[in-house]
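Novice: the following comprises the amino acid sequence and a computationally predicted model.
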Amino acid sequence: MSSTPPSVTLSVQQIPEAVELAPGSNAAEFREGQGLLTVSSPTIPYVSLDDVPLKPHWRAESRLAAYNVDLTNQVGFHRIEVRVGKNRFLYDFQTSTAKSSAEEILLMAETCASHFLGYRRQFQYWAANGERRRVLLPQTQYAWLRDRIDELESLSESINLRPASNLVKRHSLSSSGRRMSIARTTRLLRENHRLLEEHPSGPIEVDGKSFWPSSVIVLQRERTPAKLEHFVIREFLSALIRDCEDLRKIVDVDLAADIAAFSARLRRLASLDVFMDSIGLRHSGNSASYLPSRIEQTDVRYGRFRALRVEYKSEIGPTRSYKDSIRANLKDIWEIYQTFAGHIIGNALGLEYVSADRNLRARDSSGASMRSPNLLLYFDVRPPKEMLASWRDLSGRPADERPDICLVDLATKRHLVIDAKYRTNRTGVRAKQEDLFEMHGYLNSFDVGRGAIVFPGNVADAAVLVGRGNQILELPLRASMIEMLGGIQGVLSYVRAAIQGIMNNPTG
């Protein structure tokens, strides 16, 4: 007999109104600010907002739990999870800036992917917990399918015509002595004397009598189909089919027809006899990361299929649906903006990436992510002490400050400490006062006179605060400025002029 789920009612109140939410997606939008969450439940519920547990105020007599929630600067989509006993309820809603923030994230990712990464992979960033994540760009996934579908088809059909096989060696009982294993046969006969038949010409002598063995152990070599490799290929083709269905829901109508054609071709490949024969197989490992098999090392077709699979899984393919992905990305918008700012600033100054794949977290021996003969860019890392030391490093409690971006001019010995903040003041034009105070702390700790705050201001109008030998650059920067300034070169020129202006100013 199935048990009935408990009766749970959840509402969010922001003065002057309260909105009751239903499990699943909700169309309700809330302001960024303080709110009160209440849950009516037969027992005390366990509630979390965006995976962060909330502290309850439980009223047993009314069976009501109340939670203070702060949505200040919490842009985008959010999820409330309520657990009552063994039951789990999910409530999705959004703040009023969700749509604009989602559009800004996609613009940032598209800017980096098209101008700096060349659509070779999805835009990647690191979340606060250190996990590598991606902003899924439909055009990146579409371009990969368009460029690779013919090769996938050619490889699959070739394998279907001439499938590889494994050479398997095994020992078995035989009445023939060809390829006999002397050691294994000797062990067998010692354990089972009845297999010895007396015969005057027998090669085996026991107590003066000669014997022939009626059975021996022989080594047999057999060819078996490459089922594991075929299973992994079919698994990959099936994943591509699922991803095509998700992709087709969000692209323009004219591209949807192309994706439907890709899906049909992939379905035909997955149904080829050589791959269908592997359906019953189970593979416990991660097919994207397991070590290459002997066949994948020796047969170029299988090796190339593995390379395509690894390329797609690590650089292109979604790890979740587009709908769930944008919610997760909005949660990480601070880290996305930090990465976007790093790419823009480095390219504006004409710096080269130290890694071939243009990964800001790949660093050279000094810790720099981008460089030129005279300028180094450090991204989300503590600068080397010989480049930029904190006075606290000489104290009993060394600092572990890690500016978002740090520029070091080797020729002039000047430094610029940069913080990326995805927020503005109420006007949307200037940086927030608390961010300026945080920059004061950096300048004091590193004993430098130049700092900058990059923030998503509405107007491309940089300003410099100057006083007592110190300078702080307020640098508005957002992806929508590409259209505002007539293209990516306009944005790079604007950023370059602002940073060079403060770096070249002798004050500070």
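Specialist: Good, I have the coordinates.

Novice: so what's Tyr442 up against?
Specialist: 401, 403, 417, 419, 448, 451 (C-beta atoms under 8 Å, 6 or more residues apart in numbering). To be clear about C-beta, it is placed using only N, CA and C from the backbone, and glycine gets the same treatment.

Novice: tell me the contacts of the fifth one?
Specialist: Right, the one you point to is Val448. The contact partners of Val448, taken as C-beta under 8 Å, 6+ apart, are 388, 415, 417, 442, 508.

Novice: let's see that with 7 Å instead.
Specialist: Under the criterion of C-beta atoms under 7 Å, 6 or more residues apart in numbering, the neighbours of Val448 are 415, 417.

Novice: from His440, how far off is it?
Specialist: 12 Å (C-beta to C-beta, to the nearest Å).

Novice: name the SS class of Leu155, please.
Specialist: Three-state call for Leu155 (DSSP: H, G, I helix; E, B strand; the rest coil): helix.

Novice: that one touches Arg301, doesn't it?
Specialist: Yes: Leu155 is within contact range of Arg301, at 5.3 Å (criterion: C-beta atoms under 7 Å).

Novice: can you tell me the closest non-neighbouring residue to Pro476?
Specialist: Spatially, and ignoring its direct neighbours in sequence, Pro476 is nearest to Gly457 (2.7 Å; C-beta to C-beta, 6 or more residues apart in numbering).

Novice: distance of that neighbour relative to Arg430?
Specialist: Noted for Gly457: a distance of 7 Å to Arg430, by C-beta to C-beta.

Novice: which of those two has more neighbours?
Specialist: Ranked by neighbour count (other C-beta atoms under 10 Å), Gly457 and Arg430 place Gly457 first, with 22 against 19.

Novice: how far away is the residue nearest to Pro476 from Asp393?
Specialist: Distance from Gly457 to Asp393, by C-beta to C-beta: 34 Å.

Novice: care to break this structure down by domain?
Specialist: Per automatic domain parsing, the structural domains of the chain span 9-96, 138-158+231-316, 166-224, 330-504.

Novice: adding distance to Glu110 and mean pLDDT as columns, could you present those domains in TSV?
Specialist: Below are the domains of the chain laid out as TSV (distance: least, C-beta to C-beta, whole Å; pLDDT from 0 to 100):
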stretch	distance to Glu110	mean pLDDT
domain 9-96	18	86
domain 138-158+231-316	8	87
domain 166-224	45	70
domain 330-504	8	89
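
Novice: which of those domains sits most buried?
Specialist: Comparing those by mean neighbour count (mean count of other C-beta atoms under 10 Å), domain 330-504 comes out on top with a mean of 18.

Novice: tell me which stretches of the stretch 301-450 of the chain form strands.
Specialist: Along the stretch 301-450 of the chain, counting by DSSP state E, counting those that start in this stretch, strands occupy 352-353, 370-371, 375-379, 405-409, 414-420, 450-455.

Novice: let's have those in JSON lines, adding distance to Asp364.
Specialist: As requested, these are arranged in JSON lines below (distance: least, C-beta to C-beta, whole Å):
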{"stretch": "strand 352-353", "distance to Asp364": "10"}
{"stretch": "strand 370-371", "distance to Asp364": "7"}
{"stretch": "strand 375-379", "distance to Asp364": "9"}
{"stretch": "strand 405-409", "distance to Asp364": "13"}
{"stretch": "strand 414-420", "distance to Asp364": "18"}
{"stretch": "strand 450-455", "distance to Asp364": "23"}
